[in-house]
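Trainee: Sequence below, structure please.
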Amino acid sequence: MIRSLNSVTALILFALVNITTLPTTVKAQGSNVECKKAVANAKSRLRKIPNVLIEDTYTKNLNELYSDFPKERPIEYIFYLTGPIRKGRIVDTGIKKVANSKQFMKNISQDIIYKCSSIGAVAFALHPTCSIGFGLMRDKKVKLFDIVMIDPNQDTSLKWGQTFCW
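Mentor: You can find the predicted model right below:
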């Protein structure tokens, strides 16, 4: 009787261990799917704005610019935006519209940061020498980074919560 009880107990414990670890595995896989959806949604929202083109998207290691970034989120996701070329000039009306809508950029940034577990910041490069960035702060809120004017010829380190222009 005790032997059969031990077998049943072992079977129940085995099942409980597997059941309790299942949601974590599913959640981890789902978070990757949710991350991809958040990025795809952001691209779709940006493409709907007249005269906005997504020239490129890429990621960057935050340790290249910051020493005090959130270590568990070492990646910055960057949207490099431009406009169509007409008569030899870039039409920048769409880029200006994005730049003037901090809430729009914050909403996109929050969605990506909250759904992508390795991303700590999102930047919108609206010009090759300037970007508007948002990042996850210690209070777990996504906030707009302060823009710091820097000299590109000097080695300037940034503090978490700052982005640059020159």
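Trainee: Which residues does the helix or strand harbouring Tyr80 contact?
Mentor: Using DSSP states H and E, Tyr80 sits within strand 75-82. Contact with strand 75-82 is made by 39, 42-43, 46, 52-62, 90, 94-95, 98, 112, 116, 118-126, 131, 133, as judged by CB atoms under 8 Å, 6 or more residues apart in numbering. C-beta: built from backbone N, CA, C; applies to glycine.
Trainee: So what are the sheet partners of that strand and their directions?
Mentor: Sheet pairing of strand 75-82 (DSSP bridges) gives strand 53-61 (antiparallel), strand 119-127 (parallel).
Trainee: With mean neighbour count and mean pLDDT as added columns, please give those in JSON lines.
Mentor: Compiled in JSON lines, the strands paired with strand 75-82 are given as follows (neighbours: other CB atoms under 10 Å; pLDDT from 0 to 100):
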{"stretch": "strand 53-61", "mean neighbour count": "13", "mean pLDDT": "95"}
{"stretch": "strand 119-127", "mean neighbour count": "23", "mean pLDDT": "94"}
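Trainee: and the ones you listed as JSON lines, adding distance to Ile75?
Mentor: Shown next, in JSON lines, are the strands paired with strand 75-82 (distance: least, CB to CB, whole Å):
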{"stretch": "strand 53-61", "distance to Ile75": "5"}
{"stretch": "strand 119-127", "distance to Ile75": "5"}
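Trainee: closest to Phe69 out of those?
Mentor: strand 119-127 (5.7 Å; CB to CB).
Trainee: How far does the closest one sit from its chain's centre?
Mentor: 8 Å (CA atoms, centre = their mean, to the nearest Å).
Trainee: could you show me where the strands are in the chain, in order?
Mentor: For the chain, applying DSSP state E gives strands covering 53-61, 75-82, 85-86, 89-90, 119-127, 130-136, 142-144, 146-149, 162-165.
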